[in-house]
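Enquirer: please work out how this folds:
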Amino acid sequence: MALASGARINTNIAAMNSLAALNSINRDLGMAQERLSTGKRINSAADDPSGYVISKKMEGRIRSMNSALDNVGDAQSVYGVAEGAYQKVADLLVQVKEKQTRFVNGAMGADEKNAISTEISALASEIDDIVTATKFNGVSLLSSTYSQNFQVGEGSSETFGVAFSTSVSSTALLGTAAGSITSANVSSLTVDTGLQSVNTGIGSIGASLNRLSAKEANLNTAITNTEAAKSRILDSDIAKEQIRAAKMQILQQTSTAMLAQANSSPQVFLSLFR
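Expert: This is a model prediction of the structure:
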């Protein structure tokens, strides 16, 4: 800071020093007020270039992980729809098993056995209807081999495959198409094998849902921790900024007073001309 000579009035160094100090205080006060208004310590790259870059990178990670969390939820929904269908098919197969056992009864005549085979055929048709109706966002889950990948992490390689390998249809489960079931082939229907296949599919879905639940919990933890790290860099400490703003307001008043005093100081030399 330049030192002023009290005997020179053409250039008022003291006033210039006071003005420079006042401008600096005003800038600092404005920054403190901006941080208090926005809640952010970094409002532009100039405030902290490296901190700005790091916080933006963290924001990108957080958004990516939030999208991955949505993907996990969608995968869980797909499994939920499929599981509901599998369970209903399993219930129908249990009914078919019951009818098949009832069919082998020497006390029944041809009419009774035809009625049972007709009932079994209707149950088999319902299985096919369930398979056809089981869709997610218009995509069939069970009528064809469904196999899709869901990104469940920040990286593009962090994927989770959702697939249903169990073939579900009256033909695949019972060994005979629904429309071809008669009293002549009721006893040969592969109900036990079909029920075992469906139960295996349900168990596989349960295991996959457990894995997705673990990924969901891990993503939530990672998002929270990354948010905390970003907050330490980006967010302002309100208490500290309030203290700083109060200090700057006082210095602003004293600097303004000193500027006024520096402007009036050269007037003392008028007494030399009296």
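Enquirer: packing partners for the helix or strand in which residue 229 is found?
Expert: Assessed by DSSP states H and E, residue 229 sits inside helix 191-234. On a contact count with 3 or more C-beta pairs under 8 Å, 6 or more residues apart in numbering; DSSP states H and E, helix 191-234 meets helix 49-103, strand 159-163, helix 170-174. C-beta coordinates here come from the backbone N, C-alpha and C atoms, glycine included.
Enquirer: what do you get if the cut-off is 10 Å, keeping everything else the same?
Expert: Packed against helix 191-234 by the contact rule (3 or more C-beta pairs under 10 Å, 6 or more residues apart in numbering; DSSP states H and E) you find helix 49-103, helix 110-133, strand 159-163, helix 170-174.
Enquirer: what mean pLDDT does it have?
Expert: For helix 191-234, mean pLDDT rounds to 94.
Enquirer: any idea of the angle that helix forms with helix 49-103?
Expert: Here helix 191-234 runs at an angle of 170 degrees relative to helix 49-103 (axes from the mean of the first three to the mean of the last three C-alpha atoms, to 10 degrees).
Enquirer: buried ones in stretch 196-209?
Expert: For stretch 196-209, a neighbour-count test (16 or more other C-beta atoms under 10 Å) marks 197, 198, 201, 204, 205, 208 as buried.
Enquirer: in contact with the last one, which residues?
Expert: Pointing back at residue 208 there. 75, 76, 78, 79, 82, 83, 160, 161, 162, 163 (C-beta atoms under 10 Å, 6 or more residues apart in numbering).
Enquirer: do the same with the fifth one
Expert: Residue 205 makes contact with 78, 79, 80, 82, 83, 84, 86, 87, 162, 164, 166, according to C-beta under 10 Å, 6+ apart.
Enquirer: returning to what we had before: kindly reformat the buried residues of stretch 196-209 as TSV containing distance to residue 113.
Expert: Shown next, in TSV, are these (distance: C-beta to C-beta, whole Å):
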residue	distance to residue 113
197	27
198	26
201	31
204	36
205	36
208	42
